[in-house]
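[1] Structure for this input, please:
(2 chains)
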Amino acid sequence: MARALINVPRKAKRGDIIEIKTLISHVMETGYRTTQTGQVIPRDIITLFTCDYDGEEIFRAELHPAISANPFITFHTVATASGTLTFRWTGDNGYSVTETATIAVE
Amino acid sequence: MMIPIRALAILAALCAAGIGALAAEIPAGERRSAYDSMSRETRAMQDDDTANPATLWVLDGETLWTAKAGDARKSCADCHGDAAQSMKGVAARYPAFDAARGTVVDLEQRINLCRSERQKAKPLAFESHDLLALTAYVGRQSRGLPIAPDETALAATIEAGRRIFHRRQGQLNLACTQCHDDNWDRQLAGSVIGQGHPTGYPIYRMEWQSLGSLQRRLRNCMVGMRAEPYAFGSPEFVALEAFLMWRARGMKLETPAVRP
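    Numbers count the residues shown, from 1 in each chain, chains lettered A, B, ... in the order given. The predicted model follows:
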């Protein structure tokens, strides 16, 4: 069950700095661990996270095997206009999750 | 060779410190949740549902609550309705006495009894995602309520748990009480020794990078003292759970908590 939690303020004043918090369920298997019989557990991680604000990319993070399970990513941006924020996580084995949130800017 | 000797010296000091004051119960006014000794960042994580990773399990539990399962094609909600009302306070009084069986069961076992008896479904494995999700969802409904186990119905089980808590075991010959009653304000290596109150289970433990039950946490301690851990769902673990909940009576439930 892939789930993402997103916390974006519903409303903001134009020019306000807003905090955006995202959390997604993912095992983030490093690819360095082995089973009890010595077989390598294949890598399964999220490799890229991006956030678009009305189609324009405002944040991008490359993720690596050292990132823990269920990555929690927060960042700030300036509220410029009412619109949609699109969050995209992509990774190994064709992993791709997209979520959106809307913000009203006065 | 240096490291083991040093480790032994620390343990010897710890044991010596425990011998003088024999296992006095922590007074109600001094009972503290491990929450209080966490970093500001970790506390913020627990306090904000959108930052608390355990919310992922709670949401899955909410889905499972209304999902039909087993040969009876029944969901939890078909009998119990809205969990926000029917499950409020339930987790705060578990483990509880099951009159039909004449034994004490913990919350996980109660969920599995419901599954096998009412839903005619296979019981969920201990520590499986679905069982943790349902337990977290049920537990979430009691957040902020005081822990209140039924002292009369559980008297014998609490007593059994108390005996286990005070019994030295394992290669290090330690009892739970030596750390958690006698030395809770000190440190063991780099970590603060907690009082061992089960106020937030199931917890999201960052060391595990996952949600886990109280029994998983207890196994952790037992392995640490080099004792053979009890099996999941064993009467010993249920007795310990009952004793620990009684020991934490009156404290507020934080489920699902975040711990380092």
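
[2] Now do the same contact list for B:D98.
    By C-beta atoms under 8 Å, 6 or more residues apart in numbering or on different chains, the residues touching B:D98 are B:V104, B:V105, B:R110, B:L113. Just so you know, the C-beta spots here come from the backbone N, C-alpha and C atoms, and that holds for glycine as well.

[3] and the second one, how far is that from A:R33?
    B:V105 sits at a distance of 35 Å from A:R33 (criterion: C-beta to C-beta, to the nearest Å).

[4] Looking at those two, which is more packed in?
    B:V105 (18 against 12; other C-beta atoms under 10 Å in any protein chain shown).

[5] Now that that one has come up, it's in contact with B:P235, right?
    No. Taking contacts as C-beta atoms under 8 Å, B:V105 lies outside contact range of B:P235: 10.2 Å.

[6] now, which of the contacts of B:D98 sits nearest B:Y230?
    Nearest to B:Y230 among these, counting by C-beta to C-beta, is B:V104 at 14.6 Å.

[7] and that closest one, how many neighbours?
    25.

[8] and if you look at the one 10 residues further on?
    Neighbours of B:C114 under the rule other C-beta under 10 Å: 18.

[9] Not including adjacent chain positions, what is the nearest residue to residue 34?
    Answering for chain A, as no chain was given. A:V40 (5.5 Å; C-beta to C-beta, 6 or more residues apart in numbering or on different chains).

[10] Chain B was what I was after
    Sequence neighbours aside, B:G194 is the residue nearest to B:A34 in space, at 4.2 Å (criterion: C-beta to C-beta, 6+ apart).

[11] Surely that neighbour is in a helix?
    No. B:G194 is assigned coil when assessed by DSSP: H, G, I helix; E, B strand; the rest coil, not a helix.

[12] who in the stretch 151-260 of chain B is up against chain A?
    B:M206, B:Q209, B:S210 (C-beta under 8 Å from any C-beta of the partner chain).

[13] From the structure, what's the count of residues near the nearest residue to the second one once chain neighbours are set aside?
    Translated: B:Q209. Leaving aside its sequence neighbours, B:Q209 sits nearest to A:A69 (C-beta to C-beta, 6+ apart; 3.8 Å). Applying other C-beta under 10 Å, we find 16 residues neighbouring A:A69.

[14] can you tell me how far A:A69 sits from B:T157?
    35 Å.

[15] Do you have the helices of chain A handy? List them.
    With DSSP state H as the definition, chain A shows no helices.

[16] OK, contacts around A:H76?
    Taking C-beta under 8 Å, 6+ apart, one finds A:I17, A:I18, A:E19, A:I20 in contact with A:H76.

[17] if you set the cut-off to 10 Å instead, what comes out?
    A:H76 makes contact with A:I17, A:I18, A:E19, A:I20, A:I58, A:F59, according to C-beta atoms under 10 Å, 6 or more residues apart in numbering or on different chains.

[18] Same question for B:G190.
    By C-beta under 10 Å, 6+ apart, B:G190 lies in contact with nothing.

[19] now swap in A:Y53 and tell me
    Taking C-beta under 10 Å, 6+ apart, we find A:Y53 in contact with A:I20, A:F59, A:T77, A:V78, A:A79, A:T80, A:A81, A:G83, A:T84, A:L85, A:T86, A:I103.

[20] nearest to chain B, of those?
    When these are ranked by distance to chain B (C-beta to the nearest C-beta), A:I20 comes first, at 10.4 Å.

[21] now that closest one, nearest residue through space, not along the chain?
    A:I20 sits nearest to A:V8 (C-beta to C-beta, 6+ apart), 5.3 Å away.

[22] Ok, A:P42 next?
    A:G31 (6.3 Å).
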